[in-house]
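In: One predicted model, sequence on top.
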Amino acid sequence: MSQVVANMAGSVWKIVVKEGEAVSNGQDVVILESMKMEIPLSSEVDGTVKELKVSEGDFVNEGDVIAIIE
């Protein structure tokens, strides 16, 4: 099991995947918005999105878990 973690504080601008969807290593999962920049967060493994821990518009801090990939 792997986690996608926020690498900086920001707002969840867009969720690119759905729970149950297959993802590949390097595939974008969520796009954060911070200081008017869009920062994509990618999966580090091949797998399936088990759980999304955020919704669009949520604020996250550095280190917060965004998604769980199984």
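Out: Perfect, I can see it now.

In: which residues pair with the residue nearest the centre of the chain across the strands?
Out: With the centre of the chain defined as its mean C-alpha position, the nearest residue by CA atoms, centre = their mean is V30, 3.7 Å away. Beta-bridge partners for V30, by DSSP bridges, are I15, L41.

In: which ones are touching it?
Out: Taking CB atoms under 8 Å, 6 or more residues apart in numbering as the definition of contact, the neighbours of V30 are V4, V12, K14, I15, V16, V17, P40, L41, V54, I66, A67. Using the backbone N, CA and C atoms, a C-beta is placed for each residue, glycine as well.

In: now do W13
Out: By CB under 8 Å, 6+ apart, W13 lies in contact with I31, L32, E33, E38, E56.

In: What pLDDT is listed against it?
Out: In this prediction, W13 carries a pLDDT score of 97.

In: could you say which helix or strand contains it?
Out: Here W13, judged by DSSP states H and E, is contained in strand 10-15.

In: Tell me the strands beside the helix or strand following that strand, with direction?
Out: Going down the chain from strand 10-15, the next helix or strand is strand 22-23, by DSSP H and E. According to DSSP bridges, the neighbouring strands of strand 22-23, each with its direction, are strand 47-52 (antiparallel).

In: buried stuff in the partner strand?
Out: By neighbour count with 16 or more other CB atoms under 10 Å, strand 47-52 contains the buried residues G47, V49, L52.

In: partner residues bridging the first one?
Out: Each beta-bridge partner of G47 is listed here: V23, as defined by DSSP bridges.
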